[in-house]
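**Q** Give the three-dimensional model of this entry:
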Amino acid sequence: MTARLPGWRMPLGISFFTFKLISYLLEINRGRMNPVKDFTAFASYISFFPTIMSGPIDRPNAFIPQLVKKRPFDYALATDGCRQFMWGLFKKVVIADNLALFTGYTWGNLHDVSGITLFISAILFSFQMYTDFSGYSDMAIGVGKLFGFRITENFRYPFFSENIAEYWRRWHISLTSWLTDYVFMPLNVRFRNAGKTGIILAIVINMIVVGIWHGANWTFVIFGLYHGMLFIPLIINNTFIKKKKANTPFTIRRFLSIILTFFLVTVGLVIFRADSMGQAISYFVNMGSHFSLKMADFDGMGRVFSAVLILGLFIIAEWKGKNAEYPFAEVKRVKQPYRWLIYSFLIFLTGMYMQTAGTPFIYFKF
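**A** Next up, the predicted model:
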């Protein structure tokens with residue numbers, strides 16, 4: 001299954017323009033807001049520059065009111081925006097771009113590298129994808145705060161999810177909630193007489209739409225179908241919308257659920273990353289048939305190794321700060337001399353890697 005769907009060249013940011021326009025029309029049609037008379041406010045909402053390339057996708061009834069009211073300079077919000085921008089840039093330049101050296105090499109030498117290399121590359125691509133995309137979102141939200149805007153949250157520690165439904169509530173939140181409101185819920189109402197079968201059909205269609213949104217390629221269709229199928233056990237067991245209680249103790253069972261969910265997501269991202277289904281199948285086949293413990297060796301291995309070490313510290317920081325909007329926000333509680341030392345170190349680290357960084361944001365092509 002290697003054939004591609006017909007491809008088109010699209011204007012820059014067309015999907016985000018389109019989603020915002022659809023939201024605007026549907027919210028008015030549903031009576032949740034009135035048409036905006038200020039054309040400048042309307043145009044600014046549709047083309048708000050920090051988010052137009054890769055989101056988040058703000059809803060009009062939450063964002064347009066911010067455009068039409070006065071926004072006096074808020075020092076606390078602006079400094080928080082700088083912190084969040086710095087955190088996003090760090091994730092992109094220091095972690096994502098360096099992991100891209102390894103994953104790019106692996107995908108470029110798919111039939112020559114060992115199975116363990118393919119296995120590790122699949123795991124690292126999951127983190128590359130996360131730090132790249134969430135890094136952009138943090139930067140966009142940070143820039144918005146500098147201008148006095150509150151942009152919608154787009155990631156909420158998705159790799160700590162215990163099932164696939166929770167993962168999608170935490171990953172690309174603005175897209176997931178958009179499709180839930182405008183695709184899944186209408187389908188769920190239409191199929192309501194079919195019981196759980198109707199819910200399954202609605203969620204599978206919804207996830208296929210998620211896949212197709214990324215591009216006209218069969219890999220994205222299968223990616224969406226794969227995630228839709230992962231929802232079926234949750235729907236059958238009535239755990240589809242079940243949320244864990246606050247302060248739930250961390251147990252071995254929860255840890256294993258997080259690992260399993262991450263593994264399932266990683267399998268899906270191999271399909272997502274592949275140029276064709278044939279290449280995705282080759283990846284999985286080679287992982288088993290070429291299995292050995294010998295790692296690939298190339299010129300950038302030192303930088304990749306340092307990025308993996310930093311990734312380990314990053315995961316710890318995310319876990320410790322998982323109740324905050326973003327982990328680096330907690331730095332404001334540190335005493336000033338130490339806080340500025342942390343800032344300086346992060347800026348130095350980012351600047352050092354930025355000299356050789358040059359990988360485009362992954363979601364710029366969607």
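**Q** Please tell me how far Tyr130 sits from Met295.
**A** Distance, Tyr130 to Met295, by CB to CB, to the nearest Å: 23 Å. Yep, even glycine has a C-beta here, placed from its N, CA and C like the rest.
**Q** What score does Pro50 have for pLDDT?
**A** Pro50 is assigned 83 on the pLDDT scale.
**Q** one step back: which one of Tyr130 and Met295 has more residues nearby?
**A** Comparing Tyr130 with Met295 by other CB atoms under 10 Å, the one with more neighbours is Tyr130, at 22 against 12.
**Q** Okay, now the unreliable bits of the stretch 101-250 of the chain?
**A** Within the stretch 101-250 of the chain, the ranges that satisfy pLDDT under 70 run 242-247.
**Q** quick one: the strands in the stretch 101-250 of the chain?
**A** Per DSSP state E, counting those that start in this stretch, the stretch 101-250 of the chain carries no strands over any range.
**Q** Which parts of it are helices?
**A** Secondary structure of the stretch 101-250 of the chain (DSSP state H, counting those that start in this stretch): helices at 115-146, 164-170, 173-179, 185-190, 196-213, 218-230, 232-236.
**Q** among the ones you listed, which is nearest Ile57?
**A** helix 173-179 (4.1 Å; CB to CB).
**Q** contacts for the closest one?
**A** 19, 23, 55-59, 152-156, 168-169, 206, 209-210, 213 (CB atoms under 8 Å, 6 or more residues apart in numbering).
**Q** swap in stretch 252-269?
**A** Counting by CB under 8 Å, 6+ apart, 122-123, 125-126, 129, 158-164, 166-167, 223, 226-227, 230, 248 sit against stretch 252-269.
**Q** From Trp178, how far out is the closest residue to Asp58 other than its chain neighbours?
**A** Of all residues not flanking Asp58 in the chain, Thr152 sits nearest, at 5.3 Å (CB to CB, 6 or more residues apart in numbering). Using CB to CB, Thr152 is found at 10 Å from Trp178.
**Q** okay, now the closest residue in space to Phe159 that isn't next to it in sequence: neighbour count?
**A** With CB to CB, 6+ apart as the criterion, Phe159 has its nearest non-adjacent residue at 5.6 Å, and that residue is Phe262. By other CB under 10 Å, 18 other residues sit near Phe262.
**Q** Going by secondary structure, Phe262 is in what exactly?
**A** Assigned by DSSP states H and E, Phe262 belongs to helix 252-273.
**Q** angle of that helix against helix 196-213?
**A** Relative orientation of helix 252-273 versus helix 196-213 (axes from the mean of the first three to the mean of the last three CA atoms, to 10 degrees): 50 degrees.
**Q** Helix 218-230 and the next helix or strand after helix 252-273, what's the angle between them?
**A** Where DSSP H and E defines the elements, the next helix or strand beyond helix 252-273 is helix 277-289. Put simply, helix 277-289 runs at 60 degrees to helix 218-230, going by the same axes, to 10 degrees.
**Q** Check which residues of helix 277-289 are buried.
**A** Neighbour counts over helix 277-289 (16 or more other CB atoms under 10 Å) mark Met277, Gln279, Ala280, Ser282, Tyr283, Asn286, Met287 as buried.
**Q** And stretch 132-151, by the same measure?
**A** Neighbour counts over stretch 132-151 (16+ other CB under 10 Å) mark 132-149, 151 as buried.
**Q** again, but for stretch 229-248
**A** Leu230, Phe231, Ile232, Leu234, Ile235, Phe240.
**Q** tell me how far it is from the chain's mean position?
**A** Its chain's C-alpha centre and that of stretch 229-248 lie 21 Å apart, by CA atoms, centre = their mean, to the nearest Å.
**Q** who has more neighbours, Thr152 and Trp178?
**A** Remark: of Thr152 and Trp178, Trp178 carries more neighbours, 23 against 19, as counted by other CB under 10 Å.
**Q** Show the pLDDT at Gly13.
**A** Model confidence at Gly13, given as pLDDT, is 58.
**Q** brain fart, Asp275
**A** On pLDDT, Asp275 comes in at 92.
**Q** circling back to that earlier point, out of the buried residues of stretch 229-248, flag the one nearest to Gly302.
**A** Leu230 (36.9 Å).
**Q** circling back: and the contacts of stretch 252-269, which of them are buried?
**A** Among those, those buried by neighbour count (16+ other CB under 10 Å) are 122, 125-126, 129, 158-164, 166-167, 223, 226-227, 230.
**Q** ok, now which ones touch Asn206?
**A** Going by CB under 8 Å, 6+ apart, Asn206 touches Leu179, Thr180, Val183, Phe184, Leu187, Gly228.
**Q** let's see it at 6 Å
**A** With contacts taken as CB atoms under 6 Å, 6 or more residues apart in numbering, Asn206 has the following neighbours: Leu179, Val183, Phe184.
**Q** Not counting sequence-adjacent ones, nearest residue to it?
**A** Among residues not flanking Asn206 along the chain, Phe184 sits closest, at 4.2 Å (CB to CB, 6+ apart).
**Q** Format the CA atom coordinates belonging to the helix holding Phe262 as CSV.
**A** Written as CSV, here are the backbone C-alpha positions of helix 252-273 (Å, rounded to 0.1, in the frame of the first residue of the first chain):
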residue,chain,number,x,y,z
ILE,A,252,3.2,0.2,39.5
ARG,A,253,0.0,-0.3,37.5
ARG,A,254,-0.1,3.4,36.6
PHE,A,255,3.5,3.3,35.6
LEU,A,256,3.0,0.3,33.3
SER,A,257,-0.1,2.0,31.8
ILE,A,258,2.0,5.1,31.0
ILE,A,259,4.7,2.9,29.4
LEU,A,260,2.2,0.9,27.3
THR,A,261,0.5,4.1,26.1
PHE,A,262,3.8,5.6,25.1
PHE,A,263,4.7,2.4,23.3
LEU,A,264,1.4,2.5,21.3
VAL,A,265,1.9,6.2,20.5
THR,A,266,5.4,5.4,19.3
VAL,A,267,4.2,2.7,16.9
GLY,A,268,1.7,5.2,15.5
LEU,A,269,4.4,7.8,15.0
VAL,A,270,6.5,5.4,13.0
ILE,A,271,3.6,5.2,10.5
PHE,A,272,3.2,9.0,10.8
ARG,A,273,6.9,9.6,10.0
